[in-house]
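Chemist: I'd like to go over a predicted model; first the sequence, then the structure.
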Amino acid sequence: MAHINDSLCYEILLLDHSAEMTNFSLTIMDSSVNITKEQSYFKTFNSQDYIKIIAYVIVIVGGLLGNISVILTVALNRSMRTTINYYVANLAVADALICMICMGAHLLMTLTRPVYALGGFMCKFNPFMQMTCLTSSVLTLSAISCDRFMAIMFPLHVRITKQRTSIVMQVVWILSIIVSIPFLLVKKHEVYEFQDFVQPVCTERWPMDSYYDEKAGHCDSVEKYRSTYYLMVSITLYFLPIFIMITAYSLILWKLWISEVPGERHAANINVQYRARKKVIKMVLVVLIAFILCWTPMQSVILSSAFGAANTINSYWYEDFTFFSYYIAYANSFMNPIIYGGFNKTFREGFCIVLRCGFRRERFGRPPRSRMTFTTGVTSSPSRYASRTINGANKTASQKSNNIEMKPFQPHKDVEVAPSLKDTCVSILDEKELL
C-alpha cells in the first residue's frame, strides 16, 4: 500500500464511481416501470408500516405527556425543587425533545427510504439534535450518580447547592452541543439524478485519505476521521459513563444496605433520611438499567456502521434490526416518566396536584387575584392567635383553627394579592364539598 498523488487518485476514484452510478441507473431503469421524475416520496404502505406508525405514535404521545408532566411537577411545586429533581427535570427536557423532534423525523425517514424527504435543513439538524439529547441524557445520569455518591458517602464534607446543580446542568448541555457539532459539518443533502427519476439522499461526507493499493492494483480511499469520531463517542458517552454510574451506585448500595452508620439505631432522623435515600437510589437504578437495555442495541448499530463489514450492513435483517434499535432507544424517553411515578411517592403526589389543579381551574375558572384571598390560621394556645379585619369585622384565626377560608375583600389600591399556585392547589384539594 503506497500513497500517491491525491489529485490523480481522486480522478481515478471519480471515474470508477461514475461507472458504478451509470450501471446502477441502467439497472434501475430496466427493473422499474413507469418511474418519472415526479416520483412520490411515499411508497405504498403495508401492514408492517402501519404497525410501525402506531408504535411510534404511542411512544411519541405518551413520552410527551409524561415528560411534560415531570417538568411541570418540578416547576410548579416548591417542595419538589430539590437538586436531584432538577436533574430529573433536565433529563425530562432531553426526553421531550427526542419525542418532539427525533422520533417523528426517524419514522418519516423509515417510511420514505431510500429517498430522504426532509430536506437539507433536517438532514443536518435531526442528527445534531439526536446526538445532543442522547449526550445530555447520558451526562445527566452520570451527574445524578455523582451527586448521590457525594451526598451519601461524604454528607459532612460536601455541600450540594441548587446553584452548583444549575452550573452542572449548563455544562452538560454545552458539552452535548460540542460533541454534536461534527454532524453539522459532515452531513450533506445530495440529489442523485438518474435517467428516469431523482433521488435525494442524506449522507455523511468526511475528509478522505486516498492511497494506491499495490496488491489490488487500484486506488482506494478511507474516511480517516469517521471511525475515530464514533469510537470516541462510544467510549466517552456510553461505556465510560456506564462504568462511572455502575461504580458509584455499587458503592452507594454498599453504604446504604451493608455498612452501619454509628448511632443509626438510636437516631430516628438518620433512619428517615436513609429510607428516603434508598427510594431515590432504587428509582435511579431502574432508570440506569432501563437506559442500558434500551440504548445498547443502538450503540451496536453505530459501531457496526463505523467498523462493520459491508456484507453485514447490507444484510436483509440489518434494516429491521436498525429500526428496532432506534425504536427501543426512543422508547426509553417514554419509560422514564413511568419509572419516576412508580418508584417515587413524591412525584406521584406532585402529578396528582398538577393534574387535579389543572382540572379544577378548567372546571371552576381561575379566581381573580383582586377578589380572592386565602387565610390559614393555626393556633397552639389561647394566648397566641392571629387576627384579621375583613369588611370591618374582627375575626380571630383561633375561631377557624386548622381550616382554610376563602373570603372576598377589598384590597388596598396599591397592593395586589397574588396567591401562589401551590396554595391554590392545596386549598382546592382540601375543600371536599366541591368534589
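Modeler: The structure has been received and is ready for your questions.

Chemist: Only C-alpha atoms from now on, for both contacts and neighbour counts.
Modeler: Fine.

Chemist: all helices for the stretch 201-350 of the chain, in order.
Modeler: Listed in chain order, the helices found in the stretch 201-350 of the chain under DSSP state H, counting those that start in this stretch are 226-234, 240-253, 268-307, 310-313, 318-343, 345-364.

Chemist: could you give the mean pLDDT of the fourth one?
Modeler: Same thing as helix 310-313. For helix 310-313, the mean per-residue pLDDT is 57.

Chemist: Make a markdown table from the helices of the stretch 201-350 of the chain and add distance to Val88 and mean neighbour count to it.
Modeler: Converted to a markdown table, the helices of the stretch 201-350 of the chain look like this (distance: least, Cα to Cα, whole Å; neighbours: other Cα atoms under 10 Å):
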| stretch | distance to Val88 | mean neighbour count |
| --- | --- | --- |
| helix 226-234 | 23 | 16 |
| helix 240-253 | 15 | 17 |
| helix 268-307 | 9 | 16 |
| helix 310-313 | 36 | 12 |
| helix 318-343 | 9 | 19 |
| helix 345-364 | 11 | 15 |
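
Chemist: what's the least confident stretch among these?
Modeler: Considering these one by one, the lowest average pLDDT is found for helix 310-313, at a mean of 57.

Chemist: Does Asn126 touch Met100 like I think?
Modeler: No - under the criterion of Cα atoms under 8 Å, Asn126 makes no contact with Met100, lying 10.9 Å away.

Chemist: Same drill for those two, tell me which one is more crowded.
Modeler: Asn126 (20 against 14; other Cα atoms under 10 Å).

Chemist: Sketch out the strands for this protein, chain order is fine.
Modeler: Listed from the start of the chain, the chain has strands (DSSP state E) covering 187-193, 198-204, 208-213, 218-223, 374-377, 387-390, 393-396, 403-406.

Chemist: worst average pLDDT in those strands?
Modeler: Comparing mean pLDDT across the strands of the chain, the lowest value falls on strand 374-377: a mean of 35.

Chemist: coming back round to it: tell me which of the helices of the stretch 201-350 of the chain lies nearest to Arg78.
Modeler: Closest approach to Arg78 among those is made by helix 345-364 (10.2 Å; Cα to Cα).

Chemist: So which bits of stretch 111-125 are buried?
Modeler: For stretch 111-125, burial by neighbour count (16 or more other Cα atoms under 10 Å) applies to Leu111, Thr112, Val115, Tyr116, Ala117, Leu118, Gly120, Met122, Cys123, Lys124, Phe125.

Chemist: What residues sit buried inside stretch 79-96?
Modeler: Within stretch 79-96, the residues scored as buried using 16+ other Cα under 10 Å are 80, 83-96.

Chemist: And those residues, which is closest to Trp295?
Modeler: Proximity of the buried residues of stretch 79-96 to Trp295 (Cα to Cα) peaks at Asp95, which lies at 13.2 Å.

Chemist: Tell me how many other residues crowd the residue lying closest to Lys255 once chain neighbours are set aside.
Modeler: Nearest non-adjacent residue to Lys255, counting by Cα to Cα, 6 or more residues apart in numbering: Met153, 7.2 Å away. Met153 is surrounded by 15 other residues when neighbours are defined as other Cα under 10 Å.

Chemist: Ok, the one 4 residues further on next?
Modeler: When counting by other Cα under 10 Å, one arrives at 9 neighbours for His157.

Chemist: circling back to that earlier point, now the buried residues of stretch 111-125 in JSON lines, with pLDDT and distance to Val287?
Modeler: Compiled in JSON lines, these are given as follows (pLDDT from 0 to 100; distance: Cα to Cα, whole Å):
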{"residue": "Leu111", "pLDDT": "83", "distance to Val287": "31"}
{"residue": "Thr112", "pLDDT": "81", "distance to Val287": "33"}
{"residue": "Val115", "pLDDT": "80", "distance to Val287": "36"}
{"residue": "Tyr116", "pLDDT": "82", "distance to Val287": "34"}
{"residue": "Ala117", "pLDDT": "80", "distance to Val287": "35"}
{"residue": "Leu118", "pLDDT": "82", "distance to Val287": "33"}
{"residue": "Gly120", "pLDDT": "84", "distance to Val287": "35"}
{"residue": "Met122", "pLDDT": "87", "distance to Val287": "30"}
{"residue": "Cys123", "pLDDT": "88", "distance to Val287": "31"}
{"residue": "Lys124", "pLDDT": "89", "distance to Val287": "30"}
{"residue": "Phe125", "pLDDT": "90", "distance to Val287": "27"}
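
Chemist: Name the nearest of those relative to Phe324.
Modeler: Using Cα to Cα as the measure, the one of those that approaches Phe324 most closely is Leu111, at 14.1 Å.

Chemist: in terms of contact, does that closest one touch Gln48 like I think?
Modeler: No - using Cα under 8 Å as the test, Leu111 is too far from Gln48 to be in contact (10.4 Å).

Chemist: Residues that sit against both of those two, list them.
Modeler: Where contact means Cα atoms under 8 Å, 6 or more residues apart in numbering, no residue is in contact with each of Leu111 and Gln48.

Chemist: Contact partners for the closest residue to Ile53 other than its chain neighbours?
Modeler: Nearest in space to Ile53, with sequence neighbours left out and distances taken as Cα to Cα, 6+ apart, is Leu107 at 7.3 Å. Counting by Cα under 8 Å, 6+ apart, Leu107 touches Lys52, Ile53, Tyr56.

Chemist: Compare these and tell me which is most surrounded.
Modeler: Counting by other Cα under 10 Å, Tyr56 has the largest number of neighbours within those, with 20 neighbours.

Chemist: That one is in contact with Met103, isn't it?
Modeler: Yes - the pair Tyr56 and Met103 qualifies as a contact (Cα under 8 Å) at a distance of 7.3 Å.

Chemist: still on that earlier bit, out of the buried residues of stretch 111-125, which comes closest to Val74?
Modeler: Sorting those by distance to Val74 puts Phe125 at the head of the list, at 29.1 Å, by Cα to Cα.

Chemist: Settle this for me: the closest one is touching Val186, isn't it.
Modeler: No - in terms of Cα under 8 Å, Phe125 does not count as a neighbour of Val186; the distance is 11.6 Å.

Chemist: Can you tell me how far the residue nearest to Lys255 is from Ile68?
Modeler: 32 Å (Cα to Cα, to the nearest Å).

Chemist: just Cys146 next, same as before
Modeler: With the distance defined as Cα to Cα, Cys146 ends up 25 Å from Ile68.

Chemist: what do you get for Ile281?
Modeler: Counting by Cα to Cα, the gap between Ile281 and Ile68 amounts to 23 Å.

Chemist: can you check Met298 too?
Modeler: Taken as Cα to Cα, the span from Met298 to Ile68 is 25 Å.

Chemist: Likewise for Phe125?
Modeler: On the measure of Cα to Cα, Phe125 and Ile68 end up 23 Å apart.

Chemist: now Cys123
Modeler: Using Cα to Cα, we find Cys123 at a distance of 27 Å from Ile68.
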